[in-house]
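Asker: Have a look; sequence and predicted model below, questions after that.
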Amino acid sequence: MPNISRDEVAHLAKLARLAVTDEELDVFAGQLDQILDAVAKVGEVAEADIPPTSHAVPLTNVFRDDVVRPGLTQQQALAGAPAAEEGRFRVPRILGEEQ
């Protein structure tokens, strides 16, 4: 006996704004029933003394520690720019805005 009925599948399809045929309702009901059974089996395995996990193996941070080092001054950053204005990079206008 399926855990999910054709009416429930039709309701879900309506909520998802999906047009499904009567034949598709039968197919989807069976498929969703298999999914619900699989989820129930996973729920049976979970014991109270087993903590929930998001990954099968522990994750470790593979990034190096941040090291503060000096950056460019404003003048150094703008030195290689084709155009600069008021201490900023000057770029071509692309939106057609007027000043």
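Answerer: Received it, and whenever you're ready, just let me know what you need.
Asker: Please enumerate the helices of this structure.
Answerer: Along the chain, counting by DSSP state H, helices occupy 6-15, 22-45, 74-79.
Asker: and the first one, how far from the chain's centre?
Answerer: The gap between where helix 6-15 is centred and where its chain is centred comes out at 26 Å by Cα atoms, centre = their mean, to the nearest Å.
Asker: count of neighbours near R6?
Answerer: Residues within reach of R6, counting by other Cβ atoms under 10 Å, total 13. Just so you know, the C-beta spots here come from the backbone N, C-alpha and C atoms, and that holds for glycine as well.
Asker: what do you get for the one 5 residues further on?
Answerer: For H11, the tally of surrounding residues (other Cβ under 10 Å) stands at 11.
Asker: Give me the below-cutoff pLDDT ranges for this structure.
Answerer: 1-2, 46, 96-99 (pLDDT under 70).
Asker: Can you pull up the most central residue in the protein?
Answerer: S54 (15.0 Å; Cα atoms, centre = their mean).
Asker: picking up where we left off before, looking at the helices of the chain, which one is packed in the most?
Answerer: Among the helices of the chain, the stretch with the highest mean neighbour count (mean count of other Cβ atoms under 10 Å) is helix 6-15, at a mean of 14.
Asker: can you list the helices of the chain in a markdown table and add distance to V91?
Answerer: Below are the helices of the chain laid out as a markdown table (distance: least, Cβ to Cβ, whole Å):
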| stretch | distance to V91 |
| --- | --- |
| helix 6-15 | 48 |
| helix 22-45 | 52 |
| helix 74-79 | 13 |
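Asker: wait, which of those helices is closest to L95?
Answerer: For L95, the closest of the helices of the chain is helix 74-79, at 23.1 Å, according to Cβ to Cβ.
Asker: Report the distance from the closest one to the chain centre.
Answerer: What separates the centre of helix 74-79 from the centre of its chain is 38 Å, taken as Cα atoms, centre = their mean.
Asker: Contacts for it next, please.
Answerer: A84, G87, R88, F89 (Cβ atoms under 8 Å, 6 or more residues apart in numbering).
Asker: Many thanks, have a good one.
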